[in-house]
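*Asks:* structure for the following, please:
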Amino acid sequence: MKKICLTVVGIYLLFFHGFAQDPEKDSTYRPRNLKLDEINLVSSYYNQTADKSAVMGGRTDSKGIGDVTDLANGLDIKFVGWDSKQRKNSLTAGLGIDYHTAASQAFVDSNGRARNNGTRIYPTLDWTIENEKKGTEFGLGLYYSAEHNYYHSIGLNTSYSKKNHHNGEFSFKLTGYFDNIKMIRPSEFIPVDSVKNIPTSDSVVYITTASGRTEALSYSNGQLISKGKKPNIPSAARNTYTASIGFSQIINSRLQGSIALDLVYQTGYLGLPFHRVYLNNGKDTLENLPSQRFKLPVGLRLNYFLGDNIILRAYYRFYADSWGLISHTASLEVPVKITPFISLSPFYRYYIQSAANYFAAYKVHTEQDQYLTSNYALAAFSSHFFGLGFRIAPPKGILMKNLSMVEIRYGHYTQSVDLVSDIISLNLKFK
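*Replies:* Now for the predicted structure:
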């Protein structure tokens, strides 16, 4: 992991030498080609302890089975230029790398032998065109994410915004995510050594092991004579479509507000094939969820400037979906300027949700249930998240001219279903 962190920092320093003149400061030359304008580096460390895991069907007899650690590094590089119509063009390329460990992953194999760590890579590309005279902005985005060769996702979006003459702005965005999920099942559902599944004639049987590898087992007269690898793991599709509508308004010199509405539709395989469910008769089976889901989140944000040094940032969100889950989120962040260039930002967020219609705890589901899950992300719970942010952004830079901002944030999270986590993040901005 040290190599990953040093590589990201090295890329930053390499681009650091390529900075050109700030196009915002020189408005006499248009059009101009894209020039490197900004670099953002974000690193975070996340640590979670939990006693319930969806892989183990919500069992609580294995303390720490839901423990997770995650080290994430993200790099964003922004280029800015103007075209012949004096429109501002921005191109942002990003690359994220996450390395995580999770004890529960090992129990995809019932003997605890499967992989318990992995890496996720997610590059992004965003392009926007802003017409300052008309107050409009148009954007396109492309995203990709891959994890272990088990999960692949491609994302596309297009957006449009328009400012009015009354200090308001309307925005609209369409997003689509197209996921491919490898169908890796718990080991007890894979017929590897079961005598009743061994063929009596010469043949080849393909099985998926707990580590996600597909093996070709060659049999002759009922005897296993060889093993071979075949990179062909069955997969299932999951598609998510989102239409986002937003409106923001400067109400007066101290108060700003915005409202956002999302319409989300998901279709395809919406569970995970290695999530167990233990029935009330002691048997275990696999999670099964409907192939469609509608989501409706509505958010309201208010920013109030309490004097010159304090801002109150309040947020509320209501969420409901077709699976019967309803939630409420309320948060408050209070940035306080210690000096003109240094600020502290304490924050607190409260969240509460009802259980989805298809959730039941360990050994509660029956064989008659059509849809069933013991994933506690769909259970009824409440949570608290609080912490503090520190930000410094002097006009002449920090230690070096182009390092324009450093921000450090720490947050502590507790959930009423025996989950506790901590996260610390570092954000460096180069201009």
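*Asks:* ok, then the element right after the lowest-mean-pLDDT helix or strand in the chain?
*Replies:* Between all helices and strands in the chain, the lowest mean by mean pLDDT, DSSP states H and E belongs to helix 2-16, at a mean of 42. Proceeding N to C from helix 2-16, the next assigned helix or strand is strand 32-50, under DSSP states H and E.
*Asks:* helices or strands up against that following strand?
*Replies:* helix 2-16, strand 68-82, strand 88-102, strand 419-430 (3 or more Cβ pairs under 8 Å, 6 or more residues apart in numbering; DSSP states H and E). Just so you know, the C-beta spots here come from the backbone N, C-alpha and C atoms, and that holds for glycine as well.
*Asks:* who's I310 bridged to?
*Replies:* Beta-bridge partners for I310, by DSSP bridges, are L306, V336.
*Asks:* tell me the secondary structure at the nearest residue to H166 once chain neighbours are set aside.
*Replies:* In space, and not counting its chain neighbours, H166 is closest to Q249: 7.7 Å by Cβ to Cβ, 6 or more residues apart in numbering. Following DSSP: H, G, I helix; E, B strand; the rest coil, we place Q249 in the strand state.
*Asks:* neighbours of the nearest residue to F274 once chain neighbours are set aside, how many?
*Replies:* Distances taken as Cβ to Cβ, 6+ apart put V108 closest to F274, at 4.6 Å, once the chain neighbours are dropped. Counted with other Cβ atoms under 10 Å, residues neighbouring V108 total 25.
*Asks:* do I have it right that V108 meets I184?
*Replies:* Yes: at 6.5 Å, V108 counts as touching I184 under the criterion of Cβ atoms under 8 Å.
*Asks:* got the buried residues for the strand or helix carrying T175?
*Replies:* Here T175, judged by DSSP H and E, is contained in strand 168-182. The neighbour-count check on strand 168-182 (16 or more other Cβ atoms under 10 Å) flags 169, 171, 173, 175, 177, 179-182 as buried.
*Asks:* same thing with stretch 324-332?
*Replies:* Quick answer for stretch 324-332 (16+ other Cβ under 10 Å): 325, 327, 329, 331.
*Asks:* put the alpha carbons of it into CSV.
*Replies:* The C-alpha trace of stretch 324-332 is given here as CSV (Å, rounded to 0.1, in the frame of the first residue of the first chain):
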residue,chain,number,x,y,z
GLY,A,324,-40.8,-0.5,1.4
LEU,A,325,-37.7,1.2,2.7
ILE,A,326,-38.2,4.8,4.0
SER,A,327,-35.4,6.9,5.5
HIS,A,328,-34.7,10.4,6.8
THR,A,329,-31.4,12.2,6.9
ALA,A,330,-30.6,15.5,8.7
SER,A,331,-27.2,17.1,9.0
LEU,A,332,-25.6,20.3,10.1
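*Asks:* give me the residues contacting that stretch.
*Replies:* Stretch 324-332 has contacts (Cβ atoms under 8 Å, 6 or more residues apart in numbering) with 312-320, 347-357, 378, 385.
*Asks:* what of stretch 122-141?
*Replies:* Stretch 122-141 is touched from outside by 83, 85-96, 98, 142-146, 155-164, 169, 175, with contacts defined as Cβ under 8 Å, 6+ apart.
*Asks:* just the terminal-to-terminal distance for it.
*Replies:* 13 Å (Cα to Cα, to the nearest Å).
*Asks:* picking up where we left off before, okay if I get the buried residues of stretch 324-332 as a markdown table plus pLDDT?
*Replies:* Output for the buried residues of stretch 324-332, formatted as a markdown table (pLDDT from 0 to 100):
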| residue | pLDDT |
| --- | --- |
| L325 | 98 |
| S327 | 98 |
| T329 | 98 |
| S331 | 98 |
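*Asks:* which of those residues lies closest to G299?
*Replies:* Comparing those against G299 with Cβ to Cβ places T329 closest, at 8.1 Å.
*Asks:* okay, and that closest one sits in which element?
*Replies:* T329 belongs to strand 326-333, assigned by DSSP H and E.
*Asks:* that strand: how far from the chain's middle?
*Replies:* 18 Å (Cα atoms, centre = their mean, to the nearest Å).
*Asks:* what of stretch 244-262?
*Replies:* 25 Å.
*Asks:* quick check: end-to-end length of that stretch?
*Replies:* So stretch 244-262: terminal residues 4 Å apart, Cα to Cα.
*Asks:* turn the buried residues of stretch 324-332 into TSV, including distance to K134.
*Replies:* Below are these laid out as TSV (distance: Cβ to Cβ, whole Å):
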residue	distance to K134
L325	41
S327	38
T329	35
S331	34
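*Asks:* quick one, which of the helices and strands packed on strand 32-50 is nearest to L255?
*Replies:* strand 419-430 (27.2 Å).
*Asks:* in its sheet, which strands sit next to that closest one, and in what direction?
*Replies:* strand 32-50 (antiparallel), strand 403-415 (antiparallel).
*Asks:* just the C-alpha atoms of that strand, please, in PDB.
*Replies:* Taking Å, rounded to 0.1, in the frame of the first residue of the first chain, the C-alpha atoms of strand 419-430 are listed here in PDB:
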ATOM      1  CA  LEU A 419     -21.500  -1.300  13.500                       C
ATOM      2  CA  VAL A 420     -18.900   1.300  14.300                       C
ATOM      3  CA  SER A 421     -16.400   3.000  11.900                       C
ATOM      4  CA  ASP A 422     -13.900   5.800  11.700                       C
ATOM      5  CA  ILE A 423     -12.700   7.600   8.600                       C
ATOM      6  CA  ILE A 424      -9.900  10.200   8.100                       C
ATOM      7  CA  SER A 425      -9.200  11.900   4.800                       C
ATOM      8  CA  LEU A 426      -6.700  14.300   3.300                       C
ATOM      9  CA  ASN A 427      -7.400  16.600   0.400                       C
ATOM     10  CA  LEU A 428      -4.600  18.500  -1.400                       C
ATOM     11  CA  LYS A 429      -5.400  21.100  -4.100                       C
ATOM     12  CA  PHE A 430      -2.800  22.400  -6.500                       C
END
